[in-house]
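In: When you get a sec, could you give me coordinates for this:
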Amino acid sequence: MKIEIEREEDGRWIAEVTDLAGVMVYGATRDEAVARARALTLRAMPTDWCTGSAFQS
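Out: This next block holds a predicted model:
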């Protein structure tokens, strides 16, 4: 799954998994935002999708 990452004007990072509605998170750093997006995705997906290799950032 692709993770789109942008930096907001206030300095926060936002990461969105575009293939899943509602999977959008903020982080203080780019890495934190990506980690939070991955964690939220894994909670939202069935267990057979939870391989970690499905992510692109």
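
In: make it CA atoms for all contacts and neighbour counts henceforth
Out: Noted.

In: for the lowest-mean-pLDDT helix or strand in the chain, packing partners?
Out: Each helix and strand of the chain was given a mean pLDDT (mean pLDDT, DSSP states H and E); the minimum falls on helix 30-44 at a mean of 93. Using 3 or more Cα pairs under 8 Å, 6 or more residues apart in numbering; DSSP states H and E, the elements in contact with helix 30-44 are strand 3-7, strand 13-17, strand 24-27.

In: shouldn't residue 33 be in contact with residue 17?
Out: No. Counting by Cα atoms under 8 Å, residue 33 stays clear of residue 17, with 11.1 Å between them.

In: Residues touching stretch 8-15, excluding its own?
Out: With contact meaning Cα atoms under 8 Å, 6 or more residues apart in numbering, stretch 8-15 is reached by 3-7, 24-30, 33-34, 37.

In: measure the closest residue to residue 40 other than its chain neighbours to residue 6 for me?
Out: Among residues not flanking residue 40 along the chain, residue 23 sits closest, at 6.7 Å (Cα to Cα, 6 or more residues apart in numbering). As judged by Cα to Cα, to the nearest Å, residue 23 and residue 6 stand 14 Å apart.

In: Now do the same contact list for the residue most central in space within the chain.
Out: Centroid-nearest residue in the chain: residue 37, 2.3 Å away (criterion: Cα atoms, centre = their mean). By Cα under 8 Å, 6+ apart, the contact list for residue 37 reads 3, 15-17, 23-25.

In: From these, list just the buried residues.
Out: Neighbour counting by 16 or more other Cα atoms under 10 Å classes 3, 15-17, 23-25 among these as buried.

In: Of those, which is the nearest to residue 42?
Out: residue 23 (10.3 Å; Cα to Cα).
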